[in-house]
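Engineer: Here is my input, please return the structure:
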Amino acid sequence: MIQMTNKADNEMSHDRLADVAELYWIQGLKIERVARELGISRSTVSRLIARARKEHVIEFVVHRTKNSALELENRLIQKYHVRVVVADTSDNADNTLKRMAVGKCAAIWLNTLVHSNTTIGVAWGRTIEAMSLQLQQRHLPGMRILQLHGFGNSQTFGENYATQILSRFHKNFDASVRLLPLPAIFDSENTRNLMYQESSIRKILELRKHMNMMVTSVGTPNGSDPSPLFTPGLLSSKDIKVLHEQKVIGNLASTFYRADGSTSDIDLNSRSTGLNRTELMSVATRLFLVASPSKAQALHVALRSGFVTHLVVDRQTAAALLEL
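Structural biologist: Numbers count the residues shown, from 1 in each chain. Next up is the predicted model:
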């Protein structure tokens, strides 16, 4: 019993330090305002601020180079009015290093965004996988992890690709996991609608409507390394041709969108297990991870369309966004 109490006390202490650190350093509130927000005294706020720095709950990096990560963050915040973290990747970093850097920043940030009884929808993808490998262990009572959308195929990624990502979230947060055992895209709208009538699937879809947070990326047909949902194998050549004809430039968690941000009347969305626009916009925290400048245009549209509330990108993708 004593061990359990100590663990709970430590958890509450860490949460309070994170709350104070975020309000004071990230949101820029004065000590008096932080004290009012949290219902504690000014002297307690000052003490917790000092502890947060000492215990590395908040860390600082000084960037002296042009186009530093901090400078890029500030410019992206001004341009898109979302919360941003830029991973300080070197100019010669390859895609794998960029994904790992973005994944690490996202994993650290996630711990300040989640609380007990949070329900998170997690997408699958290479950058999300990089994040899952670097999660910082934390026990949060009542936390639930949902598979955000159906999976592609086992031939492309390996049989347990999506479940391994979810399993890491489960182990890291000691959270329950709800799988969505469906393909990302059905062969027909009728087949999808029939599967959605299954009681087990309906329960997952109902939970998905009440998510507090989603973690995803954007996919695009552009660049030397196009996203899986735009490549043959997951989609037929006919599907890919129709996407081109309908001027689709990106997708997020199996939901496709055009350059104007619209998602309606796109054929694949009627067969997709992705969120519709209303469901997407109802999620309070929408954390996007992107680690490729080739995705800048698709990400720009997602940002302009209001799909994103929190963003983690590498330095090169951040610079590409600012050039658009």
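
Engineer: Contacts for stretch 86-97 next, please.
Structural biologist: By C-beta atoms under 8 Å, 6 or more residues apart in numbering, the residues outside stretch 86-97 that reach it are 61, 63, 68-70, 72-73, 76, 98, 101-102, 104-105, 225, 291-292, 312-316, 318. All C-beta atoms are positioned from the backbone trio N, CA, C, and that covers glycine.

Engineer: any idea where the strands of the stretch 201-324 of the chain begin and end?
Structural biologist: 213-216, 248-252, 255-258, 285-290, 310-314 (DSSP state E, counting those that start in this stretch).

Engineer: Ranking helices and strands of this protein by mean pLDDT, which lands last?
Structural biologist: Between all helices and strands in the chain, the lowest mean by mean pLDDT, DSSP states H and E belongs to helix 154-157, at a mean of 46.

Engineer: List the contacts of residue 140.
Structural biologist: Counted by C-beta under 8 Å, 6+ apart, residue 140 has contacts 11, 114, 115, 116, 117, 118, 173, 174, 175.

Engineer: for residue 321, same thing?
Structural biologist: Counted by C-beta under 8 Å, 6+ apart, residue 321 has contacts 76, 79, 296, 299, 300, 303, 313.

Engineer: For residue 242, which non-adjacent residue is closest in space?
Structural biologist: Distances taken as C-beta to C-beta, 6 or more residues apart in numbering place residue 267 nearest to residue 242, at 5.5 Å, with adjacent residues excluded.

Engineer: Around that neighbour, how many other residues sit close by?
Structural biologist: Burial of residue 267 is recorded as 16 neighbouring residues (other C-beta atoms under 10 Å).

Engineer: With the one 3 residues further on instead?
Structural biologist: Other residues within reach of residue 270, judged by other C-beta under 10 Å, total 14.

Engineer: Could you report the separation of it from residue 257?
Structural biologist: Distance of residue 270 to residue 257, given as C-beta to C-beta, to the nearest Å: 14 Å.

Engineer: Same check on residue 203?
Structural biologist: Separation of residue 203 from residue 257 (C-beta to C-beta) stands at 28 Å.

Engineer: more crowded one of those two?
Structural biologist: Ranked by neighbour count (other C-beta under 10 Å), residue 203 and residue 257 place residue 257 first, with 25 against 11.

Engineer: who does that one bridge with?
Structural biologist: Judged by DSSP bridges, the bridge partners of residue 257 are residue 250.

Engineer: Skip the chain neighbours and tell me the closest residue to residue 68.
Structural biologist: residue 88 (7.3 Å).

Engineer: Phi and psi next, for that neighbour.
Structural biologist: Dihedral pair for residue 88: phi -80, psi 70, per degrees, to the nearest 10.

Engineer: Check the gap between it and residue 316 for me.
Structural biologist: Relative to residue 316, and taking C-beta to C-beta, residue 88 is found at 11 Å.

Engineer: In terms of neighbours, single out the busier of those two.
Structural biologist: Taking other C-beta under 10 Å, residue 88 and residue 316 do not tie; residue 316 has more neighbours (21 against 16).

Engineer: And for that one, nearest residue in space, chain neighbours not counted?
Structural biologist: Counting by C-beta to C-beta, 6+ apart, residue 293 is the residue found nearest to residue 316 once chain neighbours are left out, at 4.9 Å.

Engineer: which residues touch that neighbour?
Structural biologist: 316, 317, 319, 320 are the contacts of residue 293 under C-beta under 8 Å, 6+ apart.

Engineer: would you list every one of the helices in the stretch 201-324 of the chain?
Structural biologist: Using DSSP state H, counting those that start in this stretch, the helices of the stretch 201-324 of the chain run over 237-245, 277-281, 296-304, 315-323.

Engineer: right, I mislabeled it, should have said the stretch 1-150 of the chain
Structural biologist: Using DSSP H, counting those that start in this stretch, helices in the stretch 1-150 of the chain cover 2-21, 31-38, 42-54, 69-80, 95-113, 126-132.

Engineer: mind putting those in JSON lines, distance to residue 221 included?
Structural biologist: Putting the helices of the stretch 1-150 of the chain into JSON lines (distance: least, C-beta to C-beta, whole Å) gives the following:
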{"stretch": "helix 2-21", "distance to residue 221": "39"}
{"stretch": "helix 31-38", "distance to residue 221": "44"}
{"stretch": "helix 42-54", "distance to residue 221": "43"}
{"stretch": "helix 69-80", "distance to residue 221": "23"}
{"stretch": "helix 95-113", "distance to residue 221": "16"}
{"stretch": "helix 126-132", "distance to residue 221": "16"}
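
Engineer: quick one on the thing from earlier: and the gap between the residue nearest to residue 68 and residue 17?
Structural biologist: 24 Å.

Engineer: got a list of what residue 38 touches?
Structural biologist: Residue 38 touches 16, 19, 20, 23, 45, counting by C-beta under 8 Å, 6+ apart.

Engineer: Least confident of those?
Structural biologist: Minimum pLDDT across those is recorded for residue 16, with 83.

Engineer: What is the neighbour count of the closest residue to it other than its chain neighbours?
Structural biologist: Closest residue to residue 16 apart from its sequence neighbours, by C-beta to C-beta, 6+ apart: residue 48 at 6.4 Å. Applying other C-beta under 10 Å, we find 22 residues neighbouring residue 48.

Engineer: Brilliant, that's me finished.
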